[in-house]
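1. sequence first, predicted model second:
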Protein chains: 2
Amino acid sequence: MNIKEKAMKMKSVSPFMAASPTETRNKALKAVAEALLANKAEIIEENEKDLAAAKEREIPQPIIKRLKFNDAKIQDVISGINELIGLPDPLNKVQLKRELDEGLVLIRETCPIGVIGVIFEARPDAMVQVSTLCIKSGNCAVLKGGSEAKLTNRKLFSVIYDAVIGAGMPEGCMMLAETHDDIDNLLECYGAIDLLIPRGSNEFVQHIMNNTKIPVMGHADGICHIYVDKYADIEKAVPVIVDAKTQYAAACNAAETLLVHREAADALMPKLAEAFANNGVTLKGTQDIRAIVECEAADEKDFATEYLDNIISAKIVESAEEAIEHINKYGSHHTDSIITEDDDTADRFMQLVDSAGVYRNCSTRFADGFRYGFGAEVGISTSKLHARGPVGLEGLVTYKYKIFGNGHIVADYADGGKKFNFKDLEI
Amino acid sequence: MNIKEKAMKMKSVSPFMAASPTETRNKALKAVAEALLANKAEIIEENEKDLAAAKEREIPQPIIKRLKFNDAKIQDVISGINELIGLPDPLNKVQLKRELDEGLVLIRETCPIGVIGVIFEARPDAMVQVSTLCIKSGNCAVLKGGSEAKLTNRKLFSVIYDAVIGAGMPEGCMMLAETHDDIDNLLECYGAIDLLIPRGSNEFVQHIMNNTKIPVMGHADGICHIYVDKYADIEKAVPVIVDAKTQYAAACNAAETLLVHREAADALMPKLAEAFANNGVTLKGTQDIRAIVECEAADEKDFATEYLDNIISAKIVESAEEAIEHINKYGSHHTDSIITEDDDTADRFMQLVDSAGVYRNCSTRFADGFRYGFGAEVGISTSKLHARGPVGLEGLVTYKYKIFGNGHIVADYADGGKKFNFKDLEI
């Protein structure tokens, strides 16, 4: 079977995956945790082969660091699974129960999305997190991890899959994709795959979005802003900006552009320039900024750039309104923060900035499923449809409407013979 | 300005539309209702011109019937607006409030999607319903109605727009699109338009879905099924099937295929054939069906056809499982109904059929926003992302996350210096 045929097969399995009882799904998760522990040595062995190959190919150090899957990381993912087991079941939750008329009852109930394809970076812990989120939410999953982690992922998948099937989940409920050709073939699986979640570079996510009819959840880029208002507490502003830029510069929720109210600039910029210098951050400023502190020049293009590095652009604005307009124009609707002590300005900013996350007096780096208390996340969405922001279990379910009748027909209501008598019932 | 520039402009208006207070939006709706009443004579006059042109072009009678916008229909849409005013505000609803740590609070709050493009059939009442749903939900709207209603829509739009602006909504919050070129240009407005809702023929909706990067909500086809189980009450089954087929054959929620359990066929089919004959329905059956009643032959292709007419295909199945498999394979995941007196079989069917609506012992024609008690609907979605099934106000909103901090940075948590202390707060 090629991958398309396998995906079609998976589609026919998905209703049975969806129907699996809570206990079976939790039992499968427990089996996965146990199997990871039991197969630890072999998993680490495969990971060491991946690491050796990566070093030989002179893969950058940060990628190698993420690729490494040692005892401590395995322990972490096992703790994550145990937490996931403890979370409430996202399925079969009644969201609406309404009597439409005597003997005619409408129910809206959560159910899995069906078949989800997740393409993620070369991080073995992502393989475990993504697959277990799909198990918990009753979704079939096509899993494609970064190629640097190929051997680790192959081993992990086989350990996870065997554990899941052994626990009574339907055969074919998960599959591994390994090559770039597999990804291209997945893009053509409209009708079989219900949702694609690509994680990776802007170009990669754009490529996925532009080449498939399957709905895509995720974000192409993360151009996040910090606006330092006229009423900002400068002592608060500096560490927040440094954190938002440097705590993990390659992350999508790192700040790329700083907007500074003219009346705050003189007090802020010298202190900030010093902090940037101490933290290895390159500042690129407009002329106004460069009149206050020495730095490289920023132009229009900088404001549309996700540096993914210790570089930040800065611009003076005359008002909160100008900052809001700039963010809505150049931003990626991901996460933007205002530093201000003024409630009205904060409220206006948080109302008018059209982003998944709008923060006051804190770092944009808080945009993350773990930090929101969702348990793991499958990604962060900048789309406004379905899940927005960090996506946890809740973003992996949809709902269906059920109606229970007793021979009810619409003609009776259209003719006026019967009337609807909407009455919400206790859930 | 061309339509793309107008859409970009609308995008910059949308945060202000989103920020409009509940009272202003309800005031605008009240103004629309009053303006429709005040301009009734002129609206009807324009409608009569559209009707005359349609008759001249020999447009089919059912379309002319829907195109007609008389005193009674205007009264109906005004009642609809008054109901909409009475519905709770879908915006600024807090869905989650969580203390992440001391002084760091996460809130999830509903907000409008932003800019929505709705393309609908030549029904003047649709123009009123769609525009008022967008006003109530704080969304900017690009409105394109069927060309047969061109003069009526132009008049209606101008009456509605003036009323809305007069009530204090932001200028440019709504616009009218009139030509097919306009639609093609709208498809290119990715980044300015957040959501497209096309209503119309399968080909038209497919065309929209295949030619834009903008998310699309709706359904291309409605291949709905009725499965008559071995445990069906035949007396209940016949009127439900007749209703599902004939109450409005051109609707997306009309039944197209009948699946009959072998053990129910002998009792059902003769009665049903008689009922079909009395109601002008053409039955197309497989060989098994034709062994019981005389009818045209159905083949594989019939099961993938939305007739939009008084034609129904029928097939014998050996089990509920076979019916479920057929529906998941050939259906459009819209609405499917089982006729049975057996609870277990009903539960299994409603669990395993992967459709937006799964019904027991009632007509598929109940799949409708009004009949679900949602007030008006903007359409019915067969997608599993975002809204599924009939889409009312709730499907026109998304949410944003707000975090209120006091200089909080992520480094403190990453270093282990601070710990998250998730605590859900009362909403």
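-> That came through, no problem.
2. what distance do you get for A:Tyr227 to A:Ala267?
-> 15 Å (CB to CB, to the nearest Å). Bear in mind the C-beta positions are built from the backbone N, C-alpha and C, glycine included.
3. more neighbours, the two?
-> A:Tyr227 (26 against 16; other CB atoms under 10 Å in any protein chain shown).
4. do stretch A:383-397 and chain B meet at all?
-> Yes - applying CB under 8 Å from any CB of the partner chain, one finds that stretch A:383-397 is in contact with chain B at A:Ser383, A:Lys384, A:Leu385, A:His386, A:Arg388, A:Gly389, A:Pro390.
5. is there proximity between stretch A:253-261 and chain B?
-> No - applying CB under 8 Å from any CB, one finds stretch A:253-261 separated from chain B by no less than 8.9 Å.
6. typed the wrong thing, it's stretch A:133-148
-> No - using CB under 8 Å from any CB, stretch A:133-148 never reaches chain B; the gap is at least 10.5 Å.
7. and that stretch, what's its mean pLDDT?
-> Averaging pLDDT along stretch A:133-148 yields 96.
8. what of stretch A:316-333?
-> Stretch A:316-333 shows a mean pLDDT of 97.
9. show me which residues of that stretch are buried.
-> By neighbour count with 16 or more other CB atoms under 10 Å in any protein chain shown, stretch A:316-333 contains the buried residues A:316-317, A:320, A:322-328, A:330-333.
10. relative to chain B, which of those is nearest.
-> Checking the buried residues of stretch A:316-333 against chain B with CB to the nearest CB, the nearest one is A:Asn328 at 6.5 Å.
11. secondary structure class for that closest one?
-> Taken by DSSP: H, G, I helix; E, B strand; the rest coil, the conformation at A:Asn328 corresponds to helix.
12. excluding sequence neighbours, find me the nearest residue to it.
-> A:Asp354 (5.3 Å; CB to CB, 6 or more residues apart in numbering or on different chains).
13. touching, A:Lys150 and A:Glu178? I think so.
-> Yes - between A:Lys150 and A:Glu178 there is a contact at 6.6 Å, judged by CB atoms under 8 Å.
14. circling back: how about the residue nearest to A:Asn328, phi and psi?
-> Phi and psi for A:Asp354, reported as degrees, to the nearest 10, are phi -90, psi 70.
15. run through the stretch 1-150 of chain A and note the low-pLDDT ranges.
-> Within the stretch 1-150 of chain A, no range satisfies pLDDT under 70.
16. residues from it in reach of chain B?
-> A:11-12, A:14-16, A:18-19, A:98, A:100, A:104, A:106, A:113-114.
17. can you add distance to B:Lys402 and neighbour count and give those residues back as TSV?
-> As requested, the residues of the stretch 1-150 of chain A next to chain B are arranged in TSV below (distance: CB to CB, whole Å; neighbours: other CB atoms under 10 Å in any protein chain shown):
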residue	distance to B:Lys402	neighbour count
A:Lys11	38	21
A:Ser12	42	17
A:Ser14	35	27
A:Pro15	38	22
A:Phe16	40	17
A:Ala18	33	23
A:Ala19	37	18
A:Arg98	31	18
A:Leu100	36	21
A:Leu104	40	23
A:Leu106	33	23
A:Ile113	27	25
A:Gly114	32	23
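18. mind listing what A:Glu121 touches?
-> Shown in contact with A:Glu121 (CB atoms under 8 Å, 6 or more residues apart in numbering or on different chains): A:Arg66, A:Gly145, A:Gly146, A:Arg199, A:Gly200.
19. residues near the second one, how many?
-> Read that as A:Gly145. Neighbour tally, A:Gly145, other CB under 10 Å: 26.
20. contact partners for it?
-> A:Phe120, A:Glu121, A:Ala122, A:Arg123, A:Pro124, A:Ala126, A:Met127, A:Asn153.
21. name the nearest residue to the fourth one, ignoring sequence neighbours.
-> Across the structure, with CB to CB, 6+ apart as the measure, the residue nearest A:Arg123 apart from its sequence neighbours is A:Arg66 (4.8 Å).
22. what strand or helix carries the one you found?
-> Applying DSSP states H and E as the criterion places A:Arg66 in helix A:61-67.
23. for beta bridges, what are the partners of the residue positioned nearest the centre of chain A?
-> Geometric centre of chain A, nearest residue: A:Gly379, 1.5 Å, by CA atoms, centre = their mean. Beta-bridge pairing for A:Gly379 (DSSP bridges): A:Val391.
24. ok, it touching A:Met217?
-> Yes - between A:Gly379 and A:Met217 there is a contact at 6.7 Å, judged by CB under 8 Å.
25. identify the contacts common to these two.
-> By CB under 8 Å, 6+ apart, the residues touching both A:Gly379 and A:Met217 are A:Ile197, A:Val391.
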